[in-house]
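In: build me a model:
(2 chains)
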Amino acid sequence: MAARWAVSAGSAWVRGLLGWVRPERWLASGSLFPLSCIHTSTSLQKLGKWEKKNRIVYPPQLPGEPRRPAEIYHCRRDIKYSKDKMWYLAKLIKGMSIDQALAQLEFNDKKGAKVIKEVLLEAQEMAVRNHNVEFKSNLHIAESTTGRGRYVKRIRYHGKGMFGIMKIVRCHYFVKLVEGPPPPPEPRRTGFDQAKEYVQQLRSRTLVNTL
Amino acid sequence: MAAAMKAGLGRLGLRVRWQTASVLRPAGAAPACLVVPVRTKKRFSVPEWARELSPEEKEKRLKSSGAVFPDQRIERTFYLACTADIIDPYVPPEGDARLTSLSKDGLKQKMEKLKQTAASQLALRKVKDHDPDFSTKTFPEKAQEIFIEAHNCLANFNKQKLHSLVTERCYPEMVRGNRYKTIRWSFVESLEPPRVVHVRCDSIMNRGNLYGQVTVRMHTRQILAIYDRFGRLMYGGEQVPKDVLEYVVFERYLVNPYGTWRMHGKIVPEWAPPKDPIVKTVMIPGPTLDPSQEYEETK
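Out: I've put the predicted structure just below:
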């Protein structure tokens, strides 16, 4: 009967109405929801292009081919130093053998020298351990460059209520070590060479559009 | 009766429209409108009389009301697909495969059958209970196939297939350090037919959670060459076949009806000949010296 249905619904509703008043229910266990999804591994930050260069795998060499020299790429990101000042140090060690570079950096007074030395030692360690380099002194620096890091702007307070916006400057440092002795430096271009080239140019002139 | 009903409903404050019985809509039918009781926002404030109760009183009230709270246990289920180690490892006899079958000792070794060890027989019976197709005569062939397949997958870096052929305990042992290397492996031939030498059956965690391990002795000829990241030969050679005597352990989760026999590990005896050295020279760090000391003095 509809009447009975209404009453039963009503009484149930009444019970439900008074049901939430019970305080013991709220004072139950402290945990709110079951942790069915616990991520146990951390996600690494996005890798830059230079780091990914260490991942290329070359196909096995045939017995007749000359032995391919090992190349190790290493970098350090967000060094608190200016990229222009770091460039001088990078240019200094470009083309040196690793021992010579480490010696030069050890006795250099700049702040970046200490950082680059650490980077080179890390790269040397990596080369011997992971990349099958036999002799740790048999490496030379093929490329060494700097790059601009992430800059942050801050306020610099001056007198009389004036202010300036200063940049907190960071840089990246990239290095590529190659196995083998360093390549011999290119001989300087003397006046004699220039004269020879000039004479060669004069001699190679021809007459065009003629018989 | 209808009037009394109506009065009662009015007291409760329900807003139900009472339909008059008609031909088209008989009285027994459900009402036309669906009523949703509107109520104020639930505020979780504890009344004064409830706050003073001790925990025991609260428990009593909970029990009396008859409410059942589900256990909120933070559980992360895990599934053990393989054991962590080789159970009761097989101790290979000294000089196995060195003695020829013509000498007396060689013959004794050959005649050494699986039936001699009682524990192996017990375990074999347990394994046959769960897997009726298992037989010590046919299993070695399958085991060798699994072995060859697994090594081919390792050479081709087919990780999915490798996981199905090799247990989780064996996988990192096989794969570690190989990510940026090229491996070339090939199976030339089998010098002796493989045979089962050892069977063990064990349960971990709970009783009845059975894992079966079978050790197969394989004497084979293989070619292995490992190239590093730049394609230079690190170990072995492609034209150099090597004779290898191995004791390979295969495992299966017996209680699981869909379990398969997978490679679990290898047993390396102490009397095994040393492996070939690698091509590279490795520096062993010497003693750390003070600036004032010389190395020759410390020797």
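
In: CA only for contacts and neighbour counts going forward, please
Out: Fine.

In: which stretches in chain A count as strands?
Out: Chain-ordered strands for chain A, with DSSP state E as the definition, fall at A:71-79, A:139-148, A:152-157, A:163-168, A:171-179.

In: what helix or strand is the one residue in the stretch 1-150 of chain B that gets nearest to chain A on?
Out: With CA to the nearest CA, the shortest gap between the stretch 1-150 of chain B and chain A falls at residue B:74, namely 5.3 Å. In the assignment (DSSP states H and E), residue B:74 maps to no helix and no strand.

In: list the contacts of residue B:153.
Out: By CA atoms under 8 Å, 6 or more residues apart in numbering or on different chains, the contact set of residue B:153 is B:159, B:161-162.

In: can you rerun that using 6 Å?
Out: Residues in contact with residue B:153 (CA atoms under 6 Å, 6 or more residues apart in numbering or on different chains) are residue B:162.

In: separation between it and residue B:130?
Out: Using CA to CA, to the nearest Å, residue B:153 is found at 29 Å from residue B:130.

In: one more: residue B:182?
Out: 40 Å.

In: neighbour count winner among the two?
Out: residue B:182 (25 against 16; other CA atoms under 10 Å in any protein chain shown).

In: the more buried one pairs with what?
Out: In this structure, residue B:182 bridges to residue B:227 when assessed by DSSP bridges.

In: wait, it touches residue B:227, no?
Out: Yes - counting by CA atoms under 6 Å, residue B:227 is a contact partner of residue B:182 at 5.0 Å.

In: okay, and the common contacts of those two?
Out: Joint contacts of residue B:182 and residue B:227 (CA under 6 Å, 6+ apart) do not exist.

In: before we move on, back to that, how many neighbours does the residue of the stretch 1-150 of chain B closest to chain A have?
Out: Residue B:74: 12 neighbours (other CA under 10 Å).

In: nearest to chain A: which residue in chain B?
Out: residue B:231 (3.7 Å).

In: biggest helix in chain A by residues?
Out: Taking DSSP state H as the criterion, chain A has its longest helix at helix A:111-130.

In: I'd like to know which elements that one is packed against.
Out: With contacts defined as 3 or more CA pairs under 6 Å, 6 or more residues apart in numbering or on different chains; DSSP states H and E, helix A:111-130 has no helix or strand neighbours.

In: how does it look with 8 Å?
Out: Contacts defined by 3 or more CA pairs under 8 Å, 6 or more residues apart in numbering or on different chains; DSSP states H and E place helix A:111-130 against strand A:71-79, helix A:83-93, helix A:98-106, strand A:171-179.

In: between it and strand A:139-148, how many degrees?
Out: Computed by axes from the mean of the first three to the mean of the last three CA atoms, to 10 degrees, the angle separating helix A:111-130 from strand A:139-148 equals 130 degrees.

In: and for helix A:111-130, what are the contacting residues?
Out: Residues contacting helix A:111-130 (CA under 8 Å, 6+ apart): A:72-76, A:81, A:85-86, A:89, A:98, A:102, A:105-106, A:133-136, A:173, A:175, A:177.

In: out of those, which touch chain B?
Out: When contact is defined as CA under 8 Å from any CA of the partner chain, the contacts of helix A:111-130 meet chain B at A:134-135.

In: of the contacts of helix A:111-130, keep whichever come out buried.
Out: Buried members of the contacts of helix A:111-130, scored by 16 or more other CA atoms under 10 Å in any protein chain shown, are A:72-76, A:81, A:86, A:89, A:98, A:102, A:105, A:133-136, A:173, A:175, A:177.

In: residue B:253 against residue B:260, yeah?
Out: Yes - contact criterion CA atoms under 8 Å: residue B:253 and residue B:260 qualify, at 7.3 Å.
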